[in-house]
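In: Following is a predicted model, sequence given first.
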Amino acid sequence: MADYNKPIPDPDPYTTGPFWEGAKAGKLVLPRCTDCNRTHFYPRNICPFCYSMNIEWYEASGEGWIQTFAVQHRAMGGWADETPFVTAFIDLKEGDRMFTVLRGVDGNKPEDIKCGTPVKVEFEKVNDDVSIPFWRVV
Amino acid sequence: MPTNPSMAAAIVGAAESNKIGYIEEGATNMTLFIEAIKNVCDQVGIKPSDIEGIAAPGYANALAEYLHIRPKWIDTTSVGGCSFQMQVHHAMAAINAGILDIAVVAHGESGYSARKNNGKGRGPRPAADPWAPAAMFEGPYGLSGPPSNYSHAFTRHMHRYGSSQEDFAQIAVTTRDWATLNPRAVMHSKETHPAGGPITVEDVMNSRIISWPLKLLDCCLVTDHGGAVIVASAERARSFKTKPVWIAGAAEAISHTSMIEMDDYTRTSAWQSAETAYTMAGMGPGEMELAMIYDSFTLTAGITAEMLRLTPLGEGPSLWADGKAGPGGSGIPVNTNGGGLSFSHSGMYGMMLLIEAYRQLSGTAEDGVHGLPGKQTSAKTAIVNGTGGVLSVTGTLVLVADD
Ligand SMILES: [Zn+2]
């Protein structure tokens, strides 16, 4: 943890606080509209589907699927040491989408990675204040 | 009462900075802007002080001051490479509303020189906001610029439609063929660049992987470039030294800012902006005789061809297959300047699309620029589409020759 050498988010506590608090506890905590019941991501102070401002936070399943992916052969900072690594957009079981560096895959074999593959979330503690979610092929 | 702005305005001139490409003696955004504006004013026969409106991404105010002009219409829209298509749209609407008669839309970007000069001369860059959604939710994951984003859309297109990397590679090959006919193109020949001249699908497939499935030859150049067009009212359009090219349709649309919010990775908002532009023009894709399509990557051009209804969904690269879109090809010519892939691409390529479309439709492609001709086609109509951001924003124009 002390030597985490990649970008560490500096979260906005006002609209995203519960997400990061959840991450520290190893939980995927998502925002949901109490009027239309839909989950949205990234977190907002308004529901982007029905424009209600009644938002609650809840613990999600931490399950999802690969929507699409790419293999990064060029990167900056700490990520440069990890090329080729796989990045992916993840469709969440509860709806909407997150971005990640995908774990449990080989960047040298992109043909073995398929859109639609199930993935699960895990969290990496990078300092005392922040844990970052990553998704892993199960 | 609102009126249809179709044909209310025309592009009456289009020019570039004195030098483009890899300018070894160096350039700044401002020097490129000013050369292009000076050149387009000389071309149409006006002075900068005759300009009533100025549009330039992030620079309209700085340019007005630099040139000591006092415009009554200012548009500094900066949403990436399609900003210029949008500014032509805005200028046409303002002209149609009777606000002004002559506007300049300008571009100056030292994409190459700024790298040598540690970012200096490339204008004010807003500091990254750590609380921006993309900073928090994409920032931790190792993306490094446009290719690392666009590649995800490429993968999804292959998954959804069964398209291949070779299909998209053909776009780079055909676009390079056009560049070999444009002496100003960076990749014109071995004389202009060690890697210049014709390429094959195998060359594209064997080029270095940048962000799989994007290889080096799927990606645009990063150059210095300045360009400017003059947009004038229908009343004034025939009063210059140059020929008008009419704006029959214009539209813009946005789907997202960061790719986490892109609903469908195989579709862009060009679907919407093209539909609106065709409707305004009262024309359809079958009537387009030239297509100038933003090719930041082969992927961008391929899926945009679908959005512009030039091919069925999922079959965008077929527009280029077997060189159909190339010189002497059996289809409509596409990106006759050699594209952002092989001509020049400073970062915001939309201006180069506009300039080439103007040259083609005004019949001046072979008159050349600084003594170097391009390849003239017989096109009388064109669709010109810009894409900005990470497949985020689009601007589409339908242009028609004066004859
Ligand atoms: Zn709602």
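Out: Everything's here; your move. Residues are numbered from 1 along each chain as shown, chains lettered A, B, ... in the order given.

In: from here on, contacts and neighbour counts on C-alpha atoms
Out: Will do.

In: what residue ranges in chain A are flagged as low confidence?
Out: Along chain A, segments meeting pLDDT under 70 span A:1-2.

In: who touches the residue lying farthest from the centre of it in this structure?
Out: Centroid-distance maximum for chain A: A:Asp35 at 24.6 Å, with CA atoms, centre = their mean. A:Asp35 sits next to A:50, A:52, A:54 when contact means CA atoms under 8 Å, 6 or more residues apart in numbering or on different chains.

In: Dump the residues you listed to a markdown table, plus distance to B:Thr257.
Out: Below are the contacts of A:Asp35 laid out as a markdown table (distance: CA to CA, whole Å):
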| residue | distance to B:Thr257 |
| --- | --- |
| A:Cys50 | 20 |
| A:Ser52 | 22 |
| A:Asn54 | 24 |
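
In: Out of those, which comes closest to B:Pro146?
Out: The closest of those to B:Pro146 turns out to be A:Cys50 (CA to CA; 31.6 Å).

In: Show me what from chain A comes close to chain B.
Out: A:6-12, A:42, A:67-76, A:79, A:87-89, A:97-101, A:110, A:115, A:132 (CA under 8 Å from any CA of the partner chain).

In: Just give me how far the host helix or strand of A:Ala88 sits from the chain centre.
Out: Counting by DSSP states H and E, the element that carries A:Ala88 is strand A:85-92. Relative to its parent chain, strand A:85-92 has a centroid offset of 8 Å by CA atoms, centre = their mean, to the nearest Å.

In: try stretch B:393-403
Out: So, by CA atoms, centre = their mean, the centroid of stretch B:393-403 is 12 Å from its chain's centroid.

In: before we move on, what about stretch B:157-175?
Out: Distance, centroid of stretch B:157-175 to centroid of chain: 21 Å (CA atoms, centre = their mean).

In: That one near chain A anywhere?
Out: Yes: using CA under 8 Å from any CA, stretch B:157-175 reaches chain A at B:His159.

In: sorry, back to before: so which of the residues of chain A next to chain B sit within strands?
Out: Among the residues of chain A next to chain B, the members found in strands (DSSP state E) are A:67-72, A:87-89, A:97-101, A:132.

In: got JSON lines for the contacts of A:Asp35, with secondary structure too?
Out: Output for the contacts of A:Asp35, formatted as JSON lines (DSSP: H, G, I helix; E, B strand; the rest coil):
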{"residue": "A:Cys50", "secondary structure": "coil"}
{"residue": "A:Ser52", "secondary structure": "coil"}
{"residue": "A:Asn54", "secondary structure": "coil"}
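
In: Mind jotting down where the helices sit in the chain?
Out: I'll assume chain A. Assigned by DSSP state H, chain A shows helices spanning A:13-24.

In: The chain in question should be chain B.
Out: Under DSSP H, chain B gives helices at B:29-44, B:60-66, B:83-96, B:113-116, B:133-137, B:146-161, B:165-179, B:201-206, B:270-281, B:298-307, B:350-361.

In: among these, which gets the worst mean confidence?
Out: Between the helices of chain B, the one with the least mean pLDDT is helix B:113-116; it has a mean of 91.

In: for it, which positions count as buried?
Out: Using 16 or more other CA atoms under 10 Å in any protein chain shown as the test for burial, helix B:113-116 gives B:113-114.

In: Is it in proximity to chain A?
Out: No: under the criterion of CA under 8 Å from any CA, helix B:113-116 makes no contact with chain A; the nearest approach is 15.7 Å.

In: Mind listing residues that contact that helix?
Out: Residues from elsewhere that reach helix B:113-116, judged by CA under 8 Å, 6+ apart: B:22-24, B:26-28, B:120-122, B:223-224.

In: For those residues, give me TSV that also has pLDDT, neighbour count and distance to B:Ser207.
Out: Formatted as TSV, these follow (pLDDT from 0 to 100; neighbours: other CA atoms under 10 Å in any protein chain shown; distance: CA to CA, whole Å):
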residue	pLDDT	neighbour count	distance to B:Ser207
B:Tyr22	95	22	21
B:Ile23	94	14	25
B:Glu24	91	11	25
B:Gly26	89	16	28
B:Ala27	94	25	29
B:Thr28	96	23	31
B:Lys120	91	14	31
B:Gly121	92	19	31
B:Arg122	89	20	29
B:Thr223	95	24	20
B:Asp224	95	28	23
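
In: closest to the ion among these?
Out: B:Arg122 (42.0 Å; CA to the ion).

In: Quick check: buried residues in stretch B:240-252?
Out: Here stretch B:240-252 shows B:242-252 as buried, counting by 16+ other CA under 10 Å.

In: correction: stretch B:53-72
Out: Counting neighbours by 16+ other CA under 10 Å, stretch B:53-72 gives B:53-61, B:63-64, B:69-71 as buried.

In: Would you reformat those residues as TSV and include distance to chain A?
Out: TSV is the format used below for the buried residues of stretch B:53-72 (distance: CA to the nearest CA, whole Å):
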residue	distance to chain A
B:Gly53	36
B:Ile54	35
B:Ala55	32
B:Ala56	31
B:Pro57	27
B:Gly58	27
B:Tyr59	29
B:Ala60	33
B:Asn61	32
B:Leu63	34
B:Ala64	37
B:Ile69	42
B:Arg70	41
B:Pro71	38
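
In: So which of these would count as near the ion as well?
Out: Restricting the buried residues of stretch B:53-72 to those within reach of the ion (CA under 5 Å from the ion) leaves nothing.
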